[in-house]
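**Q** Here is my input, please return the structure:
(one chain, ligands or ions: 1)
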Amino acid sequence: MRKVGFIGLGLMGQPMACNLLRAGYELTVYDRNDHKVAAVVKEGAAGAKSPQEVAEAAEVIITMLPNSPHVKEVVFGANGLYPVLRPGQYFVDMSSISPIAAKEIAEKLEEKGVHALDAPVSGGVEKAKAGTLAVMVGGSAAAFEAVKPVLSAMAGSIVLVGPAGAGQTCKLVNQMIVGVNIAIIAEALTLGKKAGVDPENIFQAIRGGLAGSQCLEDKAPRMFSGNFDPGFRINLHAKDLGNVLETSRELHVAVPLTAQVMEMMQALLNDGHGACDHGGLALFYEKLNSLSLNREA
Ligand code: NAD
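**A** Residues are numbered from 1 along each chain as shown. Predicted structure coming up:
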């Protein structure tokens with residue numbers, strides 16, 4: 001399969017699409033913002049005027065959109081893919097959306113003989129640029145094997161986690177672990193600072209022990225510099241935790257820690273910090289305790 005369609009050319013989608021071009025795929029792209037299409041056309045892609053045009057041109061259609069409503073609109077909305085999809089095509093949604101929506105979409109596409117995979121990613125813009133994203137996939141083993149070469153152009157690791165929706169469930173688990181981790185790092189360092197101990201000394205002392213983690217390595221230095229340029233934005237993480245809570249309610253699972261972090265993120269959104277890196281959870285604790293983890297403060 002050489003003909004690939006790509007819809008959603010944002011922070012992540014644009015470098016992912018460019019890596020497909022570099023790998024030699026014939027790429028047709030669409031975004032609702034024309035200038036984002038133009039930027040990838042400049043790199044060698046064909047530009048489409050609608051999701052339908054992408055579906056007509058491609059054997060594999062990839063989406064990289066903000067959330068479930070955007071993916072549903074592109075598939076089922078005006079000028080959406082659905083009416084022109086052909087049996088044997090592949091639909092791969094790499095956005096982070098609700099597993100409930102992912103399953104609904106997959107069921108409707110399978111009715112048309114279209115193979116659907118949910119394949120959200122972890123790794124952020126840097127790994128999207130480097131083509132080393134971690135991809136977690138839900139769907140059939142046969143569809144997974146068929147599109148694996150295409151995904152390899154964008155990924156460092158690709159794991160089939162289970163049936164339709166399993167990739168999105170895996171992504172939610174990832175986001176729960178990361179969100180709670182960052183919150184407790186900010187909470188604990190705040191206590192340390194209030195007790196009069198330099199948080200950077202605490203970081204150096206504990207990073208090699210059991211409390212050490214990739215979250216600690218990436219987020220604690222941001223808290224000490226007060227630089228919360230993203231990285232991964234609070235508004236996207238809040239979107240993911242919203243999907244966790246929708247899923248946990250549907251499954252009757254209690255997720256008290258995630259719910260707490262969601263409330264913190266809501267407060268940060270209300271304070272205008274949505275575009276900050278999620279390490280900015282520190283700002284919630286700083287306001288609550290009238291102190292700053294920033295070494296300059
Ligand atoms: P983004 O907001 O930068 O890009 C989304 C793109 O989708 C935009 O270009 C927008 O114009 C386009 N779009 C939205 N609705 C559309 C529609 N109906 N039709 C056509 N185009 C439409 O977001 P992003 O950072 O690229 O993230 C995309 C997805 O990847 C999200 O689900 C996010 O949670 C996930 N993700 C992001 C990161 C990250 O670090 N940014 C990391 C891992 C996963």
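**Q** The ligand contacts on the stretch 101-250 of the chain?
**A** Taking CB under 6 Å from any ligand atom as the contact definition, the stretch 101-250 of the chain meets the ligand at 121-122, 124-125, 232, 236. Quick note: C-beta positions are derived from backbone N, CA and C, even for glycine.
**Q** Between the residues you listed, identify the one with the most neighbours.
**A** Val121 (24 neighbours; other CB atoms under 10 Å).
**Q** Return the distance of the residue nearest to that one when sequence neighbours are not counted relative to Glu126.
**A** Leaving aside its chain neighbours, Val121 sits nearest to Leu133 (4.3 Å; criterion: CB to CB, 6 or more residues apart in numbering). Distance, Leu133 to Glu126, by CB to CB, to the nearest Å: 10 Å.
**Q** between these two, who's got more neighbours?
**A** Legend: neighbour count by other CB under 10 Å for Leu133 and Glu126, higher for Leu133 (27 against 11).
**Q** what's near enough to touch Asn33?
**A** Asn33 makes contact with Leu9, according to CB atoms under 8 Å, 6 or more residues apart in numbering.
**Q** With adjacent residues omitted, what lies nearest to the residue of the stretch 101-250 of the chain found nearest the ligand?
**A** Here the stretch 101-250 of the chain gets closest to the ligand at one residue, Gly124, 3.7 Å apart by CB to the nearest ligand atom. Sequence neighbours aside, Phe232 is the residue nearest to Gly124 in space, at 5.6 Å (criterion: CB to CB, 6+ apart).
**Q** next one: Gly13
**A** Nearest residue to Gly13, sequence neighbours excluded (CB to CB, 6+ apart): Met64, at 3.6 Å.
**Q** Can you tell me the number of residues neighbouring that neighbour?
**A** A count of neighbours around Met64, defined by other CB under 10 Å, yields 28.
**Q** Pull up the gap between it and the ligand, please.
**A** 5 Å (CB to the nearest ligand atom, to the nearest Å).
**Q** And the next helix or strand past the worst-scoring helix or strand of the chain on mean pLDDT?
**A** Of all the helices and strands that make up the chain, helix 124-130 has the lowest average by mean pLDDT, DSSP states H and E, namely a mean of 93. Where DSSP states H and E defines the elements, the next helix or strand beyond helix 124-130 is strand 133-138.
**Q** Thanks again, I'm all set now.
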